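Novice: Just the structure for this:
(2 chains)
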Amino acid sequence: DQQVKQNSPSLSVQEGRISILNCDYTNSMFDYFLWYKKYPAEGPTFLISISSIKDKNEDGRFTVFLNKSAKHLSLHIVPSQPGDSAVYFCAASAGGGSNYKLTFGKGTLLTVNP
Amino acid sequence: NAGVTQTPKFRVLKTGQSMTLLCAQDMNHEYMYWYRQDPGMGLRLIHYSVGEGTTAKGEVPDGYNVSRLKKQNFLLGLESAAPSQTSVYFCASSWLALGELFFGEGSRLTVL
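Specialist: A predicted model of the protein is given here:
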């Protein structure tokens, strides 16, 4: 049973436009969410996180929105740049949280076309 | 600025062989983790450590053993490799129990 779902395996957008990556979760105990970015042949790198006490967190071009009632979060990248082309993983943790209880989604491959 | 270093980067094994993956971090992190990533799957936690001399099982620990004899090193062992262990393995470390994970570049293991 997949508790963190990224239903879009891939997404393609034009440079300068908005990229929206979606993530749904089923476990209502999840209270901390993170996004990681991964380039080919490299390890994932941390992008942004959000606690369940917030509904939005912003860091530069990256904003994460959390809708607890819908069990849905999204990552917005504005404006998108070719260097943003990567696989994006959503991850969630439950009950006060710990990294060893992180559940990752399968990832979404974002391609930003020049 | 090495961060998290994994060796080897690539390895091909025959079924039944053993090997050890080494992870080294130079950030003085307490917490270390071993993940595997398979095609179409998210990262899955194999084992983790909350400090020197400690280890614990993650989501998919069967067939693997780990040791954390020194704070900066976390070793992942396969005693008898199986084709199902063909995967990309990532080591990670973190300052806190929850928060940013720092990943290594990955080790691609193929078991024939």
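Novice: so where does residue A:17 fall, helix or strand?
Specialist: Residue A:17 is located outside every helix and strand, with elements delineated by DSSP states H and E.
Novice: Run a quick neighbour tally on it.
Specialist: 13 (other CB atoms under 10 Å in any protein chain shown). C-betas here are computed from N, CA, C, even on glycine.
Novice: ok, it touching residue A:80?
Specialist: Yes: if you go by CB atoms under 8 Å, residue A:17 and residue A:80 touch, sitting 5.7 Å apart.
Novice: Please, which helix or strand holds the most centrally placed residue in chain B?
Specialist: Centroid-nearest residue in chain B: residue B:34, 3.0 Å away (criterion: CA atoms, centre = their mean). Assigned by DSSP H and E, residue B:34 belongs to strand B:31-37.
Novice: quick one: strands adjacent to that strand?
Specialist: In the sheet, strand B:31-37 lines up against strand B:43-49 (antiparallel), strand B:87-94 (antiparallel) (DSSP bridges).
Novice: Following the first one in sequence, what is the next regular element?
Specialist: The element immediately downstream of strand B:43-49 (helix or strand, assigned by DSSP H and E) is strand B:56-57.
Novice: With the last one instead?
Specialist: Next helix or strand after strand B:87-94 toward the C-terminus (DSSP H and E): strand B:102-103.
Novice: list the helices and strands the very next helix or strand once past that next one packs on?
Specialist: Counting by DSSP H and E, the next helix or strand C-terminal to strand B:102-103 is strand B:107-111. Contacts defined by 3 or more CB pairs under 8 Å, 6 or more residues apart in numbering or on different chains; DSSP states H and E place strand B:107-111 against strand B:10-13, strand B:19-25, strand B:87-94.
Novice: Tell me which of those is the most buried.
Specialist: Highest mean neighbour count among these (mean count of other CB atoms under 10 Å in any protein chain shown): strand B:87-94, with a mean of 24.
Novice: How about residue 28: what's its closest non-neighbour residue?
Specialist: I'll assume chain A. Once flanking residues are discounted, residue A:28 sits nearest to residue A:71: 7.1 Å by CB to CB, 6 or more residues apart in numbering or on different chains.
Novice: Oops, wrong one, chain B.
Specialist: Leaving aside its sequence neighbours, residue B:28 sits nearest to residue B:71 (CB to CB, 6+ apart; 7.2 Å).
Novice: cool, residue B:37 as well?
Specialist: Residue B:37's closest residue in space is residue B:88 (CB to CB, 6+ apart), at 4.8 Å.
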